[in-house]
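Asks: make a model of this:
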Amino acid sequence: MSTADVDYRVLGPLEVERNGRPVSVPAGKQRVILALLLLHHDRMVTVEELVDKTWGARPPADGRAVVQKYVMRLRRILPKEAIRTEDGGYRLVLPSRGADLSRFTDLVERARTAAAEGDREAESTLLTKAVAEWRGVPPLANVPSDALARDEIPRLVERYLQAMERRIEVDLELGRHGDVVGELMGLVREHPLRERFWAQLLRALHGCGRQGEALNAFREVTRLLADELGVDPGPELRETHRRILRDLDEPPEVPRRSAEETRCRRPRQLPMATAHFVGRREEIERLTALLGATGDALTPPVVVITGPAGVGKTALAVHVAHRVAARFGDGQLFADLRAYGTTAPLSREEVLGQFLRALGLAPDATPLALGEQVSLFRSLMAGRRMLVVLDNIATEEQVRALLPASPGCAVLVTSRHELGGLAVDPGVQRLRLGELTTAESLDLLVTLVGDDRVSDESESAGDLVVSCGRLALAMRIAAAHLALRPQLKIGDYVAQLRSGSALSLLRLEGDERADVSAALNWSYRVLSPEQRRMLRLVSLVPGPDFGVEAVAALCAVPPSTAGDCLDQLVAASLLDRTASGRYRLHDLVRDYARQRGLREDPDDERSAAHRRLLDYYIAVTDAAVRPLLTMNPLPRPPSVTSLDVGARSLDSVDEERPALVAAVRDAAERGPYQAACHLADALRGYFTLRGHTVDWLTTVDAGLRAARRVGYDEGVAAMLNGRGGLRYYSGDTGAALRDLTAALRLYERLGLPGANAARINLGIIAQVSGDLARAVEHLEAALRGYRAAGDATLERRARENLVLSLLELGELRRARRECAPLREDAATPPVPGQPGVPAMLAHYTEELPRARRLLIESLDEALARGDQRTSVGLRDELANCLLELGDVDEAYRQAKQGLADAERNQDVRNTPNTHTTFAQILRVMGQDDDAAFHYDEALASARDMRSPNLECGALIGLAELRLAADDIPEATALATQAVLIARGSRRRLRLVQALTVLSACERAMGNPCRARELAEEARELAHDCEYPLGQALALEQLAEVSAVVGERDAAISGWREVEHRYRELGSRRAAHVARRLVATRCG
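Replies: Got it, this is the predicted structure:
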């Protein structure tokens, strides 16, 4: 990755993109340091400055070391050359135009050049592009730093505001008064004390002929300045006000119009814009651009705003229409076709009659036939620049009859239906309007209720936004209730909404337009019976979204029927279709549909539908997991086993995961309880392969509660066994042991074969805890149990784990014997299991090139199966093998990917190994500081998990690192710790490695006799284990000792033997030993 691949953004939330994809920058100090480097990329930022701006008055004891650690972490997610170390600090190297701040600065400078040359159009365009780089004001809202908020952000905001002021000034000079009115109305609310924006707003309103509003705005800012600051408006505002008054006293001469011009009126039919309109900035900008895109087009632009009831379509359309009205000097037509309401909808003929009369046609001259009306309407609109707004449209035919043909016109349409048929019509663009953002919802609440009230109950205000589902209508109704009841606390109102049906409270008496339930009633009434039934039933689906097949199972209809019906509900804006092709139900629509279901559907039908959904979820999860992983699942009920869901992939379960987790929780609370337990059991295999430990814990705890609730003992044992496995993967060995022991006792009391699964997991716990003998005992018992039951698949799983335990014990001869059946299975059709056990064993017992081939094959298999956890372990083993072979670049690539995968999947068990391997590679590459960081991370994680094997590996690496740096005492201490841990846990391969490093340390300390003793012990142990690489390592140390004590012939003989052994294995170390031989002979 080069620096040119990265885009940095500080003009809004701090964001980094690489090749168009977001890069996750961890929150906290890491973001602060990156932000500081970006803001000052043109110079070196000193370490002292970074410490001061990041920690302020409470710096860490060793600020330089801590900054170094954070910079090192940033380098792992950025290009290697992005952060350059300089004397006393760091500099961020930016690609050309690789940061929004750089682009903003460049565009503003180019605009100044255009201004100097008198090119106002170019200046406006460049400044428009400059301010478009900003994604939020104030910037860096996701970077927690008082120093940034005090010293840096105000300067950035001021640059933004100056650019905005200049761009608006240029637009006013170019006569674009109407284009900037709406924008300025927002700016004076956001920056009420900035008088320049008020002066520009007065000029813009006056330029649009809205003198009354301009004078009202002056009165408003006068009061505001007096109340807030106790001052009068400044000279610019007063002069602008005087100019407006002077123009009113001396109105311009009105030119005489011809009779034709008098006959052709200029209607201004837009309704009053919604007071206190907030948010929707992106939508406003897009609609404004689309409606202005007339150019040389042959057809007028038609923009269709669709969305559910209450989302704010009409308010947005009217707001934008007012904003662009000045572009359409011949007038604006507006019609509410009332497709959803208590009164009868308007026909096309009625609307055309209204439009024709508004255009000056006498009532008795209006034709009666629709075709004649359409022709006359288009004739009168020809050559004009007019805006037509059609609100609450129901069908495509209504729109087509009301479209002008003149390219100078534009049409804005709102509808709850998608109006998909218009996609084939020329010039039609669409905008699907969703809910307000949380920030926009809070802004609306502040505007309607008051900042003090919302600030005093900020948490409750957030809860209110959630209860209203960020629906604009619901938010306005809620705000109205609060405004009418000043003594009512927001928290108390939220409690009312949550205690009953929110829909019954989100209404204002006597106003049907202020009633969410009434708005939804009209959408519901136009549905077919089949669509109504599906809407009621999908309200039973827990979770954020759902797929077609799940709904087909829920409703007991074919998937094709379900898909068609779901699409029709989307077209009616009662469902949303997500980017991934799934469907989502708004919370208030769900509440509405559930209430309808309680009234209209029998209880047994609702229960049956819910059970069908859960059975489907269980079946598809089993279908995805069982071909990939050997499991001991609960016996499924016939309602699940009878389902034919076909082949499934883990990717399909990935899509369903949030829905599946929600389904387990929901069923654990309200039943069916055994189904909750079965779905949690099915997900156990998925989580074993994919990770997602938080979701795993949620489902297994819910499944355990459900099983206990109905006395389902086998389910209780299965959940305890599953939770024990989860806690092992999460690094909580003690809790895992307690759960697995309880599971084994319950299985044994019930006399069920699940006891063998618990024994395997207990064997793994004993293995990582250092009790390898106990591990072998558990695994051998499981092996015997599965063999007696005749279950070859699960017997294989027990054998795989037994081989890994024997490998750690250093019992390589027996490990090869137990592995032989696994190798034989490889020649038969694949059996679900843990790929790579024979390959991992080969890494320690055979030539390295063969081990590499087997590891690559096993990794490919694990990746193809979607087994993320196993693939991390195999990738780590492969990186070690590649390093030993001397392929350092490929080892680096594999290790870096493995570390990233482990951290992304929160794979606590594999993370220390990946850090250690990455550190070993960095050490070989000469990057000692980075290597030390990763060794330290590995050691801390291993100690947190109380894993002697992982702790030993990190200590050995740190000892080698300190030895290479000539820190002999520290290296000796670390190697001694490693030897003690390896001896205590009976890990003989680790002991061989630790003894050879300690031997090197003693030799460097000037203790050749002790060094020889340690190397001899290592050699004998490696020989007894049949560990060829370990034997070579020990022999190399013996040769080095011989050289130190002057036994030249013995050293040469020893190095020859070592070189031969390394070459047989394919190790990179052979070249180093060969050079030692040459040097010794020459010497």
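Asks: the spatially closest residue to Glu1002 that is not a sequence neighbour - how many residues pack around it?
Replies: Residue nearest to Glu1002 in three dimensions, not counting chain neighbours: Ala1011, with 4.0 Å by CB to CB, 6 or more residues apart in numbering. Backbone N, C-alpha and C define where each C-beta goes, glycine included. Residues contacting Ala1011 under the criterion other CB atoms under 10 Å number 25.
Asks: for the closest residue to Leu488 other than its chain neighbours, list the residues it contacts.
Replies: Spatial nearest neighbour of Leu488, chain neighbours left out: Leu482 (6.1 Å); criterion: CB to CB, 6+ apart. Contacts for Leu482 (CB atoms under 8 Å, 6 or more residues apart in numbering) come out as Leu448, Val449, Arg453, Leu488, Ile490, Tyr493.
Asks: give me phi/psi at Leu482?
Replies: phi -70, psi -40 (degrees, to the nearest 10).
Asks: one step back: quick check: which element contains the residue nearest to Glu1002?
Replies: helix 1008-1025 (DSSP states H and E).
Asks: now the helix or strand just after that helix, how far from the chain's geometric center?
Replies: Sequence-wise, the next helix or strand downstream of helix 1008-1025 (DSSP H and E) is helix 1028-1044. Going by CA atoms, centre = their mean, to the nearest Å, the spacing between the C-alpha centre of helix 1028-1044 and its chain's C-alpha centre is 51 Å.
Asks: mean confidence score for helix 1028-1044?
Replies: Regarding helix 1028-1044, the rounded mean pLDDT is 91.
Asks: what element comes up after that helix heading to the C-terminus?
Replies: Later in the chain than helix 1028-1044, the nearest helix or strand by DSSP H and E is helix 1048-1065.
Asks: list the buried ones in that following helix?
Replies: Ala1051, Ile1052, Gly1054, Trp1055, Glu1057, Val1058, Glu1059, Arg1061, Tyr1062, Leu1065 (16 or more other CB atoms under 10 Å).
Asks: try stretch 856-866
Replies: For stretch 856-866, burial by neighbour count (16+ other CB under 10 Å) applies to Ile856, Glu857, Ser858, Leu859, Glu861, Ala862, Arg865, Gly866.
Asks: ok, now stretch 79-88?
Replies: Pro79, Ala82, Ile83.
Asks: what's the host helix or strand of Val454 in contact with?
Replies: Under the criterion of DSSP H and E, Val454 resides in helix 451-456. For helix 451-456, the surrounding residues in contact (CB under 8 Å, 6+ apart) are Leu442, Leu445, Val446, Ala461, Leu482, Ile490.
Asks: nearest to Gln354, out of those residues: which one, please.
Replies: Nearest to Gln354 among those, counting by CB to CB, is Leu445 at 37.0 Å.
Asks: quick one: contacts for the closest one?
Replies: Applying CB under 8 Å, 6+ apart to Leu445 gives the contacts Val454, Ala461, Leu464, Val465, Met475, Ala478, Ala479.
Asks: and if we set it to 7 Å?
Replies: Leu445 makes contact with Val454, Ala461, Leu464, Met475, Ala479 under the criterion CB atoms under 7 Å, 6 or more residues apart in numbering.
Asks: wait, what's in contact with Leu107?
Replies: Leu107 makes contacts with Leu126, Lys129, Ala130, as judged by CB under 7 Å, 6+ apart.
Asks: tally of neighbours for the second one?
Replies: Put plainly, it is Lys129. Other residues within reach of Lys129, judged by other CB under 10 Å, total 17.
Asks: give me every residue that touches it.
Replies: Lys129 neighbours (CB under 7 Å, 6+ apart): Leu107.
Asks: is it fair to say it lies in a helix?
Replies: Yes: counting by DSSP: H, G, I helix; E, B strand; the rest coil, Lys129 falls inside a helix.
Asks: quickly find the element holding His122.
Replies: For the record, residue 122 is Ala, not His. Element membership for Ala122, per DSSP H and E: helix 120-132.
Asks: what does Ser573 give?
Replies: Going by DSSP H and E, Ser573 is not part of any helix or strand.
Asks: what ranges does the stretch 451-600 of the chain have for its strands?
Replies: With DSSP state E, counting those that start in this stretch as the criterion, the stretch 451-600 of the chain has strands at 507-508, 511-515, 576-577, 583-584.
Asks: show me the domain layout of the protein.
Replies: Recorded structural domains for the chain (assignment: automatic domain parsing) are 1-174, 178-250, 263-432, 438-522, 947-1083.
Asks: circling back: by neighbour count, which of the contacts of Leu445 wins?
Replies: With neighbours defined as other CB under 10 Å, the most crowded of the contacts of Leu445 is Met475; it has 28 neighbours.
Asks: what is the burial count for the nearest residue to Arg611 once chain neighbours are set aside?
Replies: Excluding the flanking residues, the one nearest Arg611 by CB to CB, 6+ apart is Pro672, at 5.9 Å. Neighbours of Pro672 under the rule other CB under 10 Å: 18.
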